[in-house]
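Asker: Build the 3D model from these lines:
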Amino acid sequence: MADIDDVPASEESPLEQEGRREAAEEARRAAVRRAGRRNHPLRRAMGPQEILGLVGGFGFLALLLAAMVSSIINPIFPLAALIFFLYPFRRVVVPRRTMQLGIIAFIVWLFFNLSGALFPFIIAFILAYLFSPLVHNLAQRGIPRWATSLTIVLLILGGYTLVGIFVVPNLVEQFRDLASMEELLRSANALLDRDKLINTLTSYGLPRNQATELVTTTIEPQIREIASLFISQISEFVRNISTILEGVVNLVLIPILAFYMMLDFDRIRLFVRSTILQDNPKYVYYVKNVDVILSSYLRGILLTSSLVGGMAIAFLSIADVPYAVLIGVLTGVFNLIPTVGIFLNLGVAMLVYLFAPGAFWYNTLMTAVMVLGLHALNGYVIEPRVIGDRVGLHPVLLIASLFTFAHFLGFVGLLIAVPTSAVILMFLKEWYRNTVALRSQATVPPAAPS
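Answerer: Residues are numbered from 1 along each chain as shown. Sure, this is the predicted structure:
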């Protein structure tokens, strides 16, 4: 009988072997994590120079942000010191992000401070951006870029000429008429018939003494205040000759700048793609989507607003409504603001008609018919064919974005609310598609076999 010690030990089962391998792999991953913690630049012991660099960099970032809201220190000096202190640590995530944040904040501050001086360059770039597809397509068909660009500039100058001959004189004359009425409209009796208004309130059952007190203490002071504010703004605009001259210089400079930008717009695109985006497929994809939204919206809204403004001037002139050119131009401008613009347009028109000769209710009725008709025509016929559904926003989201942007940026916020909200919505949809939707698809249990 064989000795028990001579019996060979039983081999490990497959389950035990799998457990041993998992334990070894877990030990290896733990060792890698410990080594990574020891080698991480922010977890290892830093020397005095590194501590000084980080503390100085963060301190100058705070100074840079403070200098942007103060006129004592020029922000360029804190920015230079910030880059000087943090550049040696540019390979570390936190210092690099801090340095980038300071540079972005400085660029935003510089842009807003130079927005007045850069206004003709901004408008020229927008024109070059809008007409660049036309210039590019004609260049592919053999027409030189300079010829197409020069033709567009000549058309812009022709538009200047037509507006200067037919629109500007009427606008100036109507502004002068309103400004000349300033002293006359100081009295509320020039705006309404006090006795007639009192009789109207009395006919609705209000006692005559209360109706008289309401008119004299509430209605007339409010109208007097609105009239004074409105007329003073108009008079200030007419008297500000320097601003008008500066605008004329910008109008002459814009086509010249647009001509050179249209010549080299393809080079600008190539520079942005190769240098700024570094041909990263993800960034290029996002920029192309933003380009589709912005280009379709800008081209469409400018074209539709021009058509609406022209039709408004024609309708009001035929209806013999006073200040037809002024109200028509405002109709085209307010068409840039969806949904809310129709109410702003009608409100400003009614305020103008308080000062204008003729029947107030007739003028208001004709303007309301014009505004509602053009709004329906634009919303259901023109814009769907010109803009399409590339910038489609839900009505609730559209109104919320208008009020939000108007709260922070005023009238400019109303103009940029729609395209900005459309771009933000595009990024949210991409984030949802790339994260939430894919994750939900990955967690769906397999279907039971049939």
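
Asker: Residue ranges of each domain in this protein, please.
Answerer: 48-113, 292-429 (automatic domain parsing).

Asker: mind checking the end-to-end distance for the longest one?
Answerer: In terms of C-alpha to C-alpha, to the nearest Å, the two terminal residues of domain 292-429 are separated by 15 Å.

Asker: Now do it: distance to the chain's middle.
Answerer: 16 Å (C-alpha atoms, centre = their mean, to the nearest Å).

Asker: all helices of the stretch 301-450 of the chain, in order?
Answerer: Applying DSSP state H, counting those that start in this stretch to the stretch 301-450 of the chain gives helices spanning 324-334, 340-355, 360-377, 383-386, 395-431, 438-442.

Asker: CA atoms of the third one as PDB?
Answerer: As requested, C-alpha coordinates have been extracted for helix 360-377 and formatted as PDB (Å, rounded to 0.1, in the frame of the first residue of the first chain):
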ATOM      1  CA  PHE A 360     -54.700 108.700 -34.200                       C
ATOM      2  CA  TRP A 361     -57.000 105.600 -34.500                       C
ATOM      3  CA  TYR A 362     -56.900 105.500 -38.300                       C
ATOM      4  CA  ASN A 363     -53.100 105.600 -38.300                       C
ATOM      5  CA  THR A 364     -53.000 103.000 -35.600                       C
ATOM      6  CA  LEU A 365     -55.500 100.700 -37.400                       C
ATOM      7  CA  MET A 366     -53.600 100.900 -40.700                       C
ATOM      8  CA  THR A 367     -50.300 100.200 -38.900                       C
ATOM      9  CA  ALA A 368     -51.800  97.200 -37.000                       C
ATOM     10  CA  VAL A 369     -53.100  95.800 -40.300                       C
ATOM     11  CA  MET A 370     -49.700  96.200 -41.900                       C
ATOM     12  CA  VAL A 371     -47.800  94.700 -39.000                       C
ATOM     13  CA  LEU A 372     -50.100  91.700 -38.600                       C
ATOM     14  CA  GLY A 373     -50.300  91.100 -42.300                       C
ATOM     15  CA  LEU A 374     -46.600  91.300 -42.900                       C
ATOM     16  CA  HIS A 375     -45.900  89.200 -39.800                       C
ATOM     17  CA  ALA A 376     -48.200  86.400 -41.100                       C
ATOM     18  CA  LEU A 377     -46.700  86.600 -44.600                       C
END
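
Asker: contact partners of it?
Answerer: Here helix 360-377 makes contact (C-beta atoms under 8 Å, 6 or more residues apart in numbering) with 308, 311-312, 315-316, 319, 321-322, 327, 331, 335, 342, 345-346, 349-350, 353-354, 356. For the C-beta atoms, the positions are set from N, CA and C on the backbone; glycine is no exception.

Asker: Tell me the confidence at the nearest residue to residue 128 once chain neighbours are set aside?
Answerer: The shortest distance from residue 128 to any non-neighbouring residue, by C-beta to C-beta, 6 or more residues apart in numbering, is to residue 261 (3.6 Å). Here, the pLDDT recorded for residue 261 equals 89.

Asker: immediately after the helix or strand that contains residue 261, which helix or strand?
Answerer: Using DSSP states H and E, residue 261 falls within helix 241-263. Counting by DSSP H and E, the element after helix 241-263 in chain order, helix or strand, is helix 265-271.

Asker: list the helices and strands that following helix packs on?
Answerer: helix 119-140 (3 or more C-beta pairs under 8 Å, 6 or more residues apart in numbering; DSSP states H and E).

Asker: most tightly surrounded among the helices of the stretch 301-450 of the chain?
Answerer: Greatest average neighbour count among the helices of the stretch 301-450 of the chain goes to helix 324-334 (a mean of 23), per mean count of other C-beta atoms under 10 Å.

Asker: Quick one: mean pLDDT over that one.
Answerer: Helix 324-334 comes out at a mean pLDDT of 85.

Asker: can you check stretch 98-114 too?
Answerer: pLDDT averaged over stretch 98-114 gives 82.

Asker: Would you enumerate the residues in contact with residue 416?
Answerer: 405, 409.

Asker: For residue 150, find the nearest of the helices of the stretch 301-450 of the chain.
Answerer: helix 383-386 (26.3 Å; C-beta to C-beta).

Asker: how about the CA coordinates for the closest one, as CSV?
Answerer: The C-alpha trace of helix 383-386 is given here as CSV (Å, rounded to 0.1, in the frame of the first residue of the first chain):
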residue,chain,number,x,y,z
GLU,A,383,-39.0,82.8,-43.8
PRO,A,384,-39.8,79.0,-44.4
ARG,A,385,-38.6,79.3,-47.9
VAL,A,386,-35.6,81.5,-47.2
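
Asker: Next, the residues that contact it from outside, please.
Answerer: 299, 300, 303, 304.

Asker: Most neighbours among those, please name it.
Answerer: residue 304 (22 neighbours; other C-beta atoms under 10 Å).

Asker: Apart from its neighbours in sequence, what residue is nearest that one?
Answerer: residue 382 (5.1 Å).

Asker: Of all pairs in the contacts of helix 383-386, which one spans the longest distance?
Answerer: For the contacts of helix 383-386, and using C-beta to C-beta, no pair is farther apart than 299 and 304, which are 9.7 Å apart.

Asker: ok, now which ones touch residue 333?
Answerer: Applying C-beta under 8 Å, 6+ apart, the residues near residue 333 are 305, 309.

Asker: one more time with 7 Å, if that's ok
Answerer: For residue 333, the contact set (C-beta atoms under 7 Å, 6 or more residues apart in numbering) is empty.

Asker: again, but for the one 5 residues further on
Answerer: Contact analysis of residue 338 by C-beta under 7 Å, 6+ apart lists 398, 418.

Asker: And residue 205, by the same measure?
Answerer: Residue 205 neighbours (C-beta under 7 Å, 6+ apart): none.

Asker: Okay then, goodbye and thanks.
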